[in-house]
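[1] the following comprises the amino acid sequence and a computationally predicted model.
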Amino acid sequence: MIKVSATLLIALIIPMLGTGIALADSEWLLMSRHGECVEIASLIRKVPDLGAIRDPDAFIKLMRDKGHQVGVQILPAPSGKVVEIKVPDRDLSLLFVTSEVCRQSGVR
């Protein structure tokens, strides 16, 4: 399960005014609990039927299609986008981030 420290979340979270998730021309990644950015494909160990998921919208659809309840919170960052996705019955709490967030944090 990927979790993020409260300090990191405070640094990234600003209430969002818009409603869209997908961001053209941006690569989506996962932010690990230590603030590192990793490929979405790394979820394969927790979600064996992950397939070719490349963005939070596709992951949300996959989980909902499988009958799971999914909590979604869109959290903007100074640059890029951050989407928190929770799937309680799969014990998943994930931060999907665009590549801009990773470049800004200097960890990717």
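    Structure's in. What do you need?

[2] all the helices of the chain, in order from the start?
    6-12, 56-65, 99-105 (DSSP state H).

[3] what does the pLDDT read for the residue nearest to the spatial centre of the chain?
    Centroid-nearest residue in the chain: residue 96, 1.4 Å away (criterion: C-alpha atoms, centre = their mean). Predicted confidence (pLDDT) for residue 96: 97.

[4] I'd say it and residue 28 touch.
    Yes - using C-beta atoms under 8 Å as the test, residue 96 is close enough to residue 28 to be in contact (5.4 Å). To be clear about C-beta, it is placed using only N, CA and C from the backbone, and glycine gets the same treatment.

[5] which one of the helices of the chain has the lowest average pLDDT?
    Among the helices of the chain, helix 6-12 carries the lowest mean pLDDT (a mean of 35).

[6] tell me where the model's unsure across this structure.
    Applying pLDDT under 70 to the chain picks out residues 1-25, 105-108.

[7] roughly how far does residue 83 sit from residue 30?
    10 Å (C-beta to C-beta, to the nearest Å).

[8] mind listing the shared neighbours of these two?
    Common neighbours of residue 83 and residue 30 (criterion: C-beta atoms under 8 Å, 6 or more residues apart in numbering): 95, 96, 97.
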